[in-house]
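*Asks:* pasting the structure only:
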């Protein structure tokens, strides 16, 4: 039986019937923030087109670090591939998550580290909240949260090992309309950083309701967030669905 809050949230974001008929979502966006300079890739993601499959975990970033390259992330088995725009393989890494072992927040990333992180992260972002209905994912409502004079209802979501994501247990916040406003997770491959990730400026694209502004901040252990300086900024310019 589906959690009642999840039912409301799915409907607010376009409905499960719509999502079930989709095979691909493509977004044009700008990804910024100081974390990329720390990782050795300042301004590398300022103009990206991200295409994701809705049925399997697969995402493609074009261009990727160079005008003539793209990055492909996929599972079954999990791997990240750097390709030319014609599909010729340049580099590939399987078991890509293992390459982050021992890394801390300040550890520089190579191009495949970068491709892995954005590959799985943006697949999760663009499939939320519909990914909560996928096999092995469990979503249940927990106590509400008060912030900035608002009360947000929350879903605690547990992801199976079959889905590459930030960490297995995450919390998602929704306003009175059922729209996503925040998500909390632990970025395991980024030194297990506690994160408060805010979503706003929702727009409708082909019936799908998508937040077009995302701001990612460090989160305190008590759940509060210092909103002065985002580590990552994401601004979506356009979304198309197939």
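*Replies:* Perfect, thanks for sending it. Given the structure is predicted, the values throughout are model-derived calculations rather than measurements. Numbers count the residues shown, from 1 in each chain.
*Asks:* And the next helix or strand past the helix ranked longest in the chain?
*Replies:* Counting residues, the longest helix in the chain under DSSP state H turns out to be helix 111-127. Using DSSP states H and E, the next helix or strand after helix 111-127 towards the C-terminus is strand 138-147.
*Asks:* got the angle for the next helix or strand along the chain from that following strand vs strand 138-147?
*Replies:* Where DSSP H and E defines the elements, the next helix or strand beyond strand 138-147 is strand 150-158. With axes from the mean of the first three to the mean of the last three C-alpha atoms, to 10 degrees defining the directions, strand 150-158 sits at 150 degrees from strand 138-147.
*Asks:* helices or strands next to strand 150-158 in the packing?
*Replies:* Judged by 3 or more C-beta pairs under 8 Å, 6 or more residues apart in numbering; DSSP states H and E, strand 150-158 is in contact with helix 4-12, strand 138-147, strand 169-174. Just so you know, the C-beta spots here come from the backbone N, C-alpha and C atoms, and that holds for glycine as well.
*Asks:* Most tightly packed of these?
*Replies:* strand 169-174 (a mean of 20; mean count of other C-beta atoms under 10 Å).
*Asks:* Just checking: what are the partner strands of whichever helix or strand comes after that one?
*Replies:* Later in the chain than strand 169-174, the nearest helix or strand by DSSP H and E is strand 180-187. Strand pairing for strand 180-187, using DSSP bridges, gives strand 169-174 (antiparallel), strand 193-205 (antiparallel).
*Asks:* Could you give the average pLDDT over the first one?
*Replies:* What it means is strand 169-174. Across strand 169-174, pLDDT averages out at 98.
*Asks:* quick one: that strand to chain centroid distance?
*Replies:* How far strand 169-174 lies from its chain's middle: 13 Å, per C-alpha atoms, centre = their mean, to the nearest Å.
*Asks:* Now do that strand against helix 4-12, angle only.
*Replies:* Computed by the same axes, to 10 degrees, the angle between strand 169-174 and helix 4-12 is 60 degrees.
*Asks:* between strand 169-174 and helix 111-127, how big is the angle?
*Replies:* 40 degrees.
*Asks:* With adjacent residues omitted, what lies nearest to residue 72?
*Replies:* Of all residues not flanking residue 72 in the chain, residue 81 sits nearest, at 4.5 Å (C-beta to C-beta, 6 or more residues apart in numbering).
*Asks:* just to revisit the earlier point, so for residue 62, which of the strands paired with strand 180-187 sits nearest?
*Replies:* strand 193-205 (18.7 Å; C-beta to C-beta).
*Asks:* Okay, buried residues for the closest one please.
*Replies:* 193, 195-199, 202, 205 (16 or more other C-beta atoms under 10 Å).
*Asks:* quick one: which of these is nearest to residue 235?
*Replies:* residue 199 (11.7 Å).
*Asks:* Specify the beta-bridge partners of that closest one.
*Replies:* Residues in beta-bridge contact with residue 199 (DSSP bridges): residue 214.
*Asks:* Which residue is the nearest non-sequential neighbour of the residue nearest to the spatial centre of the chain?
*Replies:* Among the residues of the chain, the one closest to the centroid is residue 125, at 3.0 Å (C-alpha atoms, centre = their mean). Of all residues not flanking residue 125 in the chain, residue 214 sits nearest, at 7.3 Å (C-beta to C-beta, 6+ apart).
*Asks:* try residue 190
*Replies:* residue 105 is the one closest to residue 190 (C-beta to C-beta, 6+ apart), at 5.8 Å.
*Asks:* residues in contact with the one you found?
*Replies:* By C-beta atoms under 8 Å, 6 or more residues apart in numbering, residue 105 lies in contact with 38, 190-191, 193.
*Asks:* Out of those residues, who's the most crowded?
*Replies:* In terms of neighbours by other C-beta atoms under 10 Å, the contacts of residue 105 top out with residue 190 at 21 neighbours.
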